[in-house]
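>>> Sequence unavailable; structure follows:
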């Protein structure tokens, strides 16, 4: 039997788009043989004409107009790699309206409008594939949809931002401060020129929303996700964490509790013997806990042109099989239901706290009173270095309600002997 043929239209030839075209060129024939479908890159659109020409595309397939791809009746699959919310959202809607399957790596869009777009695709008996939106080349979306669909997932913990993981790794390894590690990450291509979304935790939050929607079958309200970045983490915190048996990671944590969903992104002290503690540099990992499967972890390169291109073309291959072998949309899509959300102030955590205080009598008694008033129990209190008449104090709490800890912290900061701007990091429980 002759192979079927599927024509692809590509929107955007930036870093990931360049990776997709390079992988198609080097491995397109092998991919086609594996899926028994010929894949043809029929149209490529980018606003930068010189970029298109420099990549060596035939002149008859390049265009600066997205409509030339979206409205071409011969295109079967549209790959959207432009990023951002608009015009990407409008382009995907147009592709669906024109009867095309969609593949995207757009985490921002799928976090903010994924439910809406997936519903539209379902209405049109099409689908949107978005494996590359979370974890780069790590297979994650499809396992959450298919492999783990029979299980009840109650917790997922992810290192899902390669930039921040690289920065924290380098700070720990070579006593670098955040600015030095970030500069190195940019030089090596692990960080964008504007890395604010990474540093402030927004990138990880988008990915957490996508994963949690699938894992818990819930519609995720972005306003219910607590987000903190790594800008306040210092080398001193990393060194003290190591001393007490922990490493510092930016974690995205989603939990299904009896009261509802708890979603948060923040720096976290991870026990040195936990699998996530050994995830270094630009690598990502997602640790999932289910009632039946127990604990599983997905690990690999979470970003980069070629790992992400692998995920994109995996989705293209799946869509192509659906088109040629008429297997509906070929995906198990979750139905997204409304959920209750548990605010972070209602959660229990252990806390690491580092601050400076005047080195004089009565300070520890004042601290004990402040924590005791809010029933915050301390696991350890260590007086570290002295700077003249100032002492550095590190303490770790037992499990305590976040709201109670924050009240105690306000009282601690109000003590005249305590210097402002303490370091506070939660521990992974």
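Yep, it's here. Everything numeric in this text was worked out from a predicted model, so none of it was measured.
>>> what does the domain assignment say about the protein?
Using automatic domain parsing, the domains assigned to the chain come out as 4-136+305-325, 141-301, 346-427.
>>> Redo those domains as TSV? Include distance to residue 340 and mean pLDDT.
Quick note: C-beta positions are derived from backbone N, CA and C, even for glycine. Converted to TSV, these look like this (distance: least, C-beta to C-beta, whole Å; pLDDT from 0 to 100):
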stretch	distance to residue 340	mean pLDDT
domain 4-136+305-325	17	95
domain 141-301	3	95
domain 346-427	11	92
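>>> If we ignore the residues flanking it in sequence, what's nearest residue 292?
Spatial nearest neighbour of residue 292, chain neighbours left out: residue 151 (4.5 Å); criterion: C-beta to C-beta, 6 or more residues apart in numbering.
>>> Around the one you found, how many other residues sit close by?
Applying other C-beta atoms under 10 Å, we find 16 other residues in the vicinity of residue 151.
>>> just to revisit the earlier point, out of the domains of the chain, which gets nearest to residue 338?
Among the domains of the chain, domain 141-301 comes nearest to residue 338, with 5.7 Å by C-beta to C-beta.
>>> distance between the ends of that closest one?
15 Å (C-alpha to C-alpha, to the nearest Å).
>>> mind listing the helices for the protein?
15-35, 49-54, 67-70, 88-97, 107-123, 141-142, 162-174, 178-187, 196-199, 202-216, 235-243, 305-325, 363-373, 402-414 (DSSP state H).
>>> Out of those, which is closest to residue 8?
Using C-beta to C-beta, the nearest of the helices of the chain to residue 8 is helix 305-325, at 6.5 Å.
>>> got the angle for that closest one vs helix 162-174?
150 degrees (axes from the mean of the first three to the mean of the last three C-alpha atoms, to 10 degrees).
>>> Could I get the buried residue list for helix 305-325?
For helix 305-325, a neighbour-count test (16 or more other C-beta atoms under 10 Å) marks 305-324 as buried.
>>> Got phi/psi on the residue lying farthest from the centre of the chain?
Largest separation from the mean C-alpha position in the chain: residue 361, at 46.4 Å (C-alpha atoms, centre = their mean). Dihedral pair for residue 361: phi -60, psi 150, per degrees, to the nearest 10.
>>> any idea how far it lies from residue 371?
Going from residue 361 to residue 371 by C-beta to C-beta, to the nearest Å gives 18 Å.
>>> cool, residue 252 as well?
From residue 252 to residue 371 the distance is 29 Å (C-beta to C-beta).
>>> Please apply the same query to residue 105.
Look at residue 105 and residue 371: by C-beta to C-beta, they are 46 Å apart.
>>> Neighbour count: those two, which is higher?
residue 105 (27 against 24).
>>> Nearest spatial neighbour of the more buried one, chain-adjacent residues omitted?
In space, residue 105 is closest to residue 132, 3.7 Å off (C-beta to C-beta, 6+ apart).
>>> Repeat that for residue 142.
In space, residue 142 is closest to residue 131, 6.0 Å off (C-beta to C-beta, 6+ apart).
>>> same thing with residue 221?
Nearest to residue 221 is residue 341, by C-beta to C-beta, 6+ apart, at 6.6 Å.
>>> can you pull the contacts of the one you found?
Each residue near residue 341 by C-beta atoms under 8 Å, 6 or more residues apart in numbering is listed here: 221, 224, 260, 261, 262, 263.
>>> Across the sheet, point out what pairs with it.
residue 261 (DSSP bridges).
>>> Could you measure from it over to residue 47?
To residue 47, residue 341 is 39 Å away according to C-beta to C-beta.
>>> Likewise for residue 358?
In terms of C-beta to C-beta, residue 358 sits 59 Å off from residue 47.
>>> Settle it for me: which of those two has more neighbours?
The residue with more neighbours, out of residue 358 and residue 47, is residue 358; 15 against 12, by other C-beta under 10 Å.
>>> I figured that one hits residue 390, correct?
Yes: here residue 358 reaches residue 390: they are 6.4 Å apart, a contact under C-beta atoms under 8 Å.
>>> related to what we said a few turns ago, to residue 276, which of the helices of the chain lies closest?
Short answer: helix 162-174, nearest of the helices of the chain by C-beta to C-beta, at 9.9 Å.
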